[in-house]
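# Please find the sequence and the predicted model below.
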Amino acid sequence: MARTLWLDSGRRLFTWDQIRLPFETVELELASEQDCAKAIVTMQVRGAPLIGAVAAYGLAFALRADARDEALRGAFDRLLATRPTAVNLRWALERVMQVVRPLAPGARADAAWAQACAICDEDVACNAAIGRHAAALLTRLARPHRALQILTHCNAGRIATVDHGTALSPIYALHEAGLAVHVWVDETRPRNQGASLTAWELRERGVPHTVIVDNAGGLLMRQRQVDAVIVGCDRVAANGDVANKIGTYLKALAAHDNEVPFYVACPISTIDPHCLHGDLIEIEQRSPREVTHLLGRDEEGRLRSFQVTPDDSPAANPAFDVTPARLVTALVTEQGVIPAHVDAIAQLLSGGGA
Ligand code: MRU
């Protein structure tokens, strides 16, 4: 299966247009800083690790056009402003910046491109490692005579990353290893990343799954129909608070109340050591139109936008929420499993391992 972000034989950069999924599988070429920024803003690409990787290429494209100091700073700031919550965006841009800033302008674009490629390769390895660590945890929860029942929210799958995904990586690993697994897929209103993207991915891999409305998870947990919840994250604060797609917090509360383990698949690049606690994380406020209108396919197969609210009702659209560390059973990183706790996170970030 191809990566989510790939170079063709002519070194041109491509991805999938995620706005068109699951109805149409359309390749999207990214050929400039502007293309990369637009794709992030419009959510043609989305998911914290993928946003970071696309932004890194965006900076490389910008440097091809103008690599002087002022232009470099301008492109960095413009790309950083595309989405506020996922810290991988800043992480990737700063990583490229650190490499190119000391170089002469003429050497910067190639160095930035090489960094963007390295970020992609490392993302693939990181997510595979998260998959192995989380699969070991989840295997222990499997019960005889029934498939392992996992609930996930939003899309933290292969198309939210360069490959494998974070929260879905262990599910693919278990499925490929022959363990019976079934996934409850939260639809994830308002943009339906679960119903549209996670379901599409799971179907593509042949993983048994059922799409549910966002409000169904609590009931399923009370009925013991969920063995574990696993989600991705957009930013983890130094104290272990987790920002992720709106609705994650409610799942964590329901999991806590029903003693269902709540795991967060967390690349180390998603931990923000400068953010002391989750209330300091900027929550993206998106257009109310995403709440008042739904995108779907009509009976003739055409993609249509449908209004679902009265004409004049105001709508609010906070895109992320914060789950307090106390509700998180563990963070699963590429280096292993750690408690969502300030000391464990500090140790991990200082190179002390999981
Ligand atoms: O608004 P999105 O679709 O970019 O939000 C995505 C999420 O919240 C994911 O759960 C998170 O980025 C982790 S992706 C591996």
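Arrived safely.
# most centrally placed residue in the protein?
Of all residues in the chain, the one closest to the mean position by C-alpha atoms, centre = their mean is Gly47, 3.1 Å from it.
# got the residues of the stretch 1-150 of the chain near the ligand?
Arg46, Gly47, Ala48, Pro49, Ala86 (C-beta under 6 Å from any ligand atom). Just so you know, the C-beta spots here come from the backbone N, C-alpha and C atoms, and that holds for glycine as well.
# these two touch, right, the third one and Cys233?
Yes - taking C-beta atoms under 8 Å as the definition, Ala48 is a contact partner of Cys233 at 7.1 Å.
# okay, and the common contacts of the two?
Thr270 (C-beta atoms under 8 Å, 6 or more residues apart in numbering).
# So Ala315 lies in a strand, does it not?
No - Ala315 is assigned coil when assessed by DSSP: H, G, I helix; E, B strand; the rest coil, not a strand.
# Distance-wise, check it relative to the ligand.
17 Å (C-beta to the nearest ligand atom, to the nearest Å).
# Just want the residue of the protein that's nearest the ligand.
Distances between the chain and the ligand by C-beta to the nearest ligand atom are smallest at Gly232, namely 2.7 Å.
# Enumerate every residue touching that residue.
Applying C-beta under 8 Å, 6+ apart, the residues near Gly232 are Gly47, Ala48, Cys154, Ala156, Ala160, Gly165, Thr166, Ala167, Asn244, Val264, Ala265, Cys266.
# Kindly reformat those as CSV and extend each row with secondary structure.
CSV is the format used below for the contacts of Gly232 (three-state DSSP):
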residue, secondary structure
Gly47, coil
Ala48, helix
Cys154, coil
Ala156, coil
Ala160, helix
Gly165, coil
Thr166, coil
Ala167, coil
Asn244, strand
Val264, strand
Ala265, strand
Cys266, coil
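# Could you say which helix or strand holds Ala114?
helix 105-139 (DSSP states H and E).
# Report the angle between the very next helix or strand once past that helix and helix 105-139.
Scanning forward in sequence from helix 105-139 by DSSP H and E, the next helix or strand is strand 148-152. Angle, strand 148-152 to helix 105-139, by axes from the mean of the first three to the mean of the last three C-alpha atoms, to 10 degrees: 140 degrees.
# Could you list every helix and strand in contact with strand 148-152?
helix 105-139, helix 169-177, strand 181-186, helix 217-222, strand 228-231 (3 or more C-beta pairs under 8 Å, 6 or more residues apart in numbering; DSSP states H and E).
# ok now it, how far from the chain's centre?
Mean C-alpha position of strand 148-152 versus that of the full chain (C-alpha atoms, centre = their mean, to the nearest Å) differs by 18 Å.
# How about stretch 68-80?
25 Å.
# That one: which residues count as buried?
For stretch 68-80, burial by neighbour count (16 or more other C-beta atoms under 10 Å) applies to Ala71, Leu72, Ala75, Phe76, Arg78, Leu79, Leu80.
# In CSV, list the helices and strands packed on strand 148-152 along with distance to Asp66, mean neighbour count and mean pLDDT.
Formatted as CSV, the helices and strands packed on strand 148-152 follow (distance: least, C-beta to C-beta, whole Å; neighbours: other C-beta atoms under 10 Å; pLDDT from 0 to 100):
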stretch, distance to Asp66, mean neighbour count, mean pLDDT
helix 105-139, 8, 19, 98
helix 169-177, 38, 22, 98
strand 181-186, 44, 24, 98
helix 217-222, 49, 18, 98
strand 228-231, 40, 25, 98
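# pLDDT score assigned to the residue of the chain closest to the ligand?
With respect to pLDDT, Gly232 has a value of 98.
# before we move on, back to that, would you turn the buried residues of stretch 68-80 into TSV with pLDDT and secondary structure?
Putting the buried residues of stretch 68-80 into TSV (pLDDT from 0 to 100; DSSP: H, G, I helix; E, B strand; the rest coil) gives the following:
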residue	pLDDT	secondary structure
Ala71	98	helix
Leu72	98	helix
Ala75	98	helix
Phe76	98	helix
Arg78	98	helix
Leu79	98	helix
Leu80	98	helix
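# circling back: take the helices and strands packed on strand 148-152 and write them to JSON lines, including distance to Pro318.
Shown next, in JSON lines, are these (distance: least, C-beta to C-beta, whole Å):
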{"stretch": "helix 105-139", "distance to Pro318": "27"}
{"stretch": "helix 169-177", "distance to Pro318": "27"}
{"stretch": "strand 181-186", "distance to Pro318": "16"}
{"stretch": "helix 217-222", "distance to Pro318": "19"}
{"stretch": "strand 228-231", "distance to Pro318": "17"}
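# Figure out which of those is closest to Val332.
Ranking these by their distance to Val332 (criterion: C-beta to C-beta) puts helix 105-139 first, at 4.4 Å.
# Mind giving me the packing neighbours of that closest one?
So helix 105-139, by 3+ C-beta pairs under 8 Å, 6+ apart, packs with helix 48-65, helix 88-100, strand 148-152, helix 169-177, strand 228-231, strand 262-265, strand 330-333, strand 336-338.
# quick revisit: give me the buried subset of the residues of the stretch 1-150 of the chain next to the ligand.
The neighbour count (16+ other C-beta under 10 Å) marks Arg46, Gly47, Ala48, Pro49, Ala86 as buried among those.
# What sits closest to Pro170 if chain neighbours are left out?
The shortest distance from Pro170 to any non-neighbouring residue, by C-beta to C-beta, 6 or more residues apart in numbering, is to Ala134 (3.6 Å).
# Fine, thanks again, bye for now.
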